[in-house]
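Peer 1: Next come a sequence and a model predicted from it.
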Amino acid sequence: MGSTPSRSPRDPAKMSFEEAIEEVESLIEEVDEGRIGLEASLEAYKRGMALVTRCRQVLDQAEQKVRTLTTELDETSEPDGNDAATASDGSDHP
């Protein structure tokens, strides 16, 4: 019960979203199952918060990219709301 959690000490800022989430899930499992003691649980909590912060940053960046792409798409759309891709639906109708 006094063992330390098995986790890599990688810098969260260098981790992908998926890597950070996977480590958070692992930390939660270790704490929930009582496999680590109080001190290690506190360290796991601290590490988990750093990982969650990284995940939020990645999600915020992704959200900003989506907004940018949406804005660019809106700007390239024709005034009637149809862009070139939707105006040509592949049918033979004039």
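Peer 2: In hand now; what should we look at? Residues are numbered from 1 along each chain as shown.

Peer 1: What is the least confident helix or strand in the chain?
Peer 2: Ranked by mean pLDDT, DSSP states H and E, the weakest helix or strand in the chain is helix 84-87, scoring a mean of 52.

Peer 1: give me the number of residues near I36?
Peer 2: 20 (other Cβ atoms under 10 Å). (Each C-beta comes from the backbone N, C-alpha and C, glycine too.)

Peer 1: In the chain, where's the longest helix?
Peer 2: Using DSSP state H, we find that the single longest helix of the chain is helix 38-76.

Peer 1: so where's this structure shaky on pLDDT?
Peer 2: Along the chain, segments meeting pLDDT under 70 span 1-8, 78-94.

Peer 1: Against K14, how distant is I36?
Peer 2: 24 Å (Cβ to Cβ, to the nearest Å).

Peer 1: whoops, I mixed them up, A62
Peer 2: Distance from A62 to K14, by Cβ to Cβ: 17 Å.

Peer 1: circling back to that earlier point, can you name every helix or strand that the longest helix of the chain contacts?
Peer 2: helix 17-32 (3 or more Cβ pairs under 8 Å, 6 or more residues apart in numbering; DSSP states H and E).

Peer 1: Can you spell out which helices and strands pack onto the helix it packs on?
Peer 2: Packed next to helix 17-32, using 3+ Cβ pairs under 8 Å, 6+ apart, are helix 38-76.

Peer 1: Now do the helix it packs on and helix 17-32, the angle between them.
Peer 2: 150 degrees (axes from the mean of the first three to the mean of the last three Cα atoms, to 10 degrees).

Peer 1: List the buried residues in helix 38-76.
Peer 2: Within helix 38-76, the residues that count as buried by 16 or more other Cβ atoms under 10 Å are A40, S41, E43, A44, R47, G48, A50, L51, R54, C55, V58.

Peer 1: What is the neighbour count of the nearest residue to the fourth one once chain neighbours are set aside?
Peer 2: Closest residue to A44 apart from its sequence neighbours, by Cβ to Cβ, 6 or more residues apart in numbering: L27 at 4.6 Å. Residues contacting L27 under the criterion other Cβ under 10 Å number 22.
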